[in-house]
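>>> kindly generate the corresponding structure for this input.
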Amino acid sequence: MDKYENAHLIRKLSNEITKAIIHDDFKSSNEQLKRSIELLSQTIYDFTILYDDETKNDEETIKGIQAKMTIALNALKQNSSQ
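The predicted structure is shown next:
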């Protein structure tokens with residue numbers, strides 16, 4: 001994936017997370033919500049590394065960001081359907 005496709009996927013995941021949270025029937029256990037918040041916080045940290053660190057591996061960092069966001073989204077969706 002090129003950087004534009006990566007950015008588009010991250011934007012899409014972010015939008016889906018927002019939609020999952022603001023959905024009327026959203027319910028969350030404290031542990032699932034805590035884990036999702038932790039993962040999203042880590043993605044913000046990872047973005048700062050992309051911006052700030054010259055020794056980084058951009059491709060691996062982007063893959064990590066996408067994975068964390070996907071896990072957070074799945075946890076939120078799974079928990080709200082219970």
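>>> isn't residue 16 up against residue 72?
No: the criterion here is CB atoms under 8 Å, and residue 16 misses it with residue 72 at 9.9 Å. Glycine gets a C-beta too; all of them are placed from N, C-alpha and C.
>>> show me the residue at the heart of this structure, geometrically.
residue 69 (2.0 Å; CA atoms, centre = their mean).
>>> from residue 13, how far out is that one?
4 Å (CB to CB, to the nearest Å).
>>> common neighbours of the two, please.
Common neighbours of residue 69 and residue 13, using CB atoms under 8 Å, 6 or more residues apart in numbering, do not exist here.
>>> and whichever helix or strand residue 65 is part of, average pLDDT?
Element membership for residue 65 (DSSP states H and E) is helix 58-80. The pLDDT scores in helix 58-80 average 85.
>>> work out the gap between that helix and the centre of the chain.
4 Å (CA atoms, centre = their mean, to the nearest Å).
>>> so which elements touch that helix?
helix 3-22, helix 30-52 (3 or more CB pairs under 8 Å, 6 or more residues apart in numbering; DSSP states H and E).
>>> kind regards, and thank you for your time.
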